[in-house]
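Asks: Any chance you can model this:
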Amino acid sequence: MTLEILTPEQKVFSGDVYGVVLPGIGGSFEVLDKHAPMVSALKDGKLKILKDKTQTAGYTIKSGFVEVLNNKTIVLVEGAEEA
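Replies: Okay, here's the model as predicted:
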């Protein structure tokens, strides 16, 4: 699936990934390839990118939203720093 992480200032990440773990308001959740469409609010916390089944990358994010549609995940947050 395609993942984009966007802040008001810049595009932080864009690329094809296996999945992503996000800090939702009600707890963390995972979005994998071909996930059902959804929109969810995010809180401050750790975002983990699953580049494949063994490699990961992490970001510390500020609150925002995520949209999953047509195998593309767009994360819109107030701020993001590589962890």
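
Asks: In this structure, where is pLDDT below threshold?
Replies: Counting by pLDDT under 70, not a single residue of the chain qualifies.

Asks: And the residue of it most remote from its centre, how close does it get to Y18?
Replies: Note on the chain: the largest C-alpha distance from the chain mean falls to T54, namely 17.5 Å (C-alpha atoms, centre = their mean). Taking C-beta to C-beta, to the nearest Å as the criterion, T54 is separated from Y18 by 9 Å. All C-beta atoms are positioned from the backbone trio N, CA, C, and that covers glycine.

Asks: Pull out the buried positions in stretch 55-73.
Replies: Along stretch 55-73, the positions that meet the burial threshold by neighbour count (16 or more other C-beta atoms under 10 Å) are Y59, I61, G64, V66, V68, T73.

Asks: Between the two ends of that stretch, how far is it?
Replies: The distance separating the two terminal residues of stretch 55-73, taken as C-alpha to C-alpha, to the nearest Å, comes to 19 Å.

Asks: which residues touch it?
Replies: Taking C-beta atoms under 8 Å, 6 or more residues apart in numbering as the criterion, the residues outside stretch 55-73 that touch it are 1-5, 12-13, 20, 22-23, 31, 33-51, 74-83.

Asks: And those residues, which of them are buried?
Replies: For the contacts of stretch 55-73, a neighbour count by 16+ other C-beta under 10 Å gives the buried set as 1, 3, 5, 12-13, 20, 22-23, 31, 35, 42, 47-50, 74-75, 77, 80.

Asks: Can you pick out the ones from the residues you listed that are in helices?
Replies: The members of those all map outside helices under DSSP state H.

Asks: Next step: those restricted to strands.
Replies: Counted as lying in strands by DSSP state E, out of the buried ones among the contacts of stretch 55-73, are 3, 5, 12-13, 20, 22-23, 31, 42, 47-50, 74-75, 77, 80.
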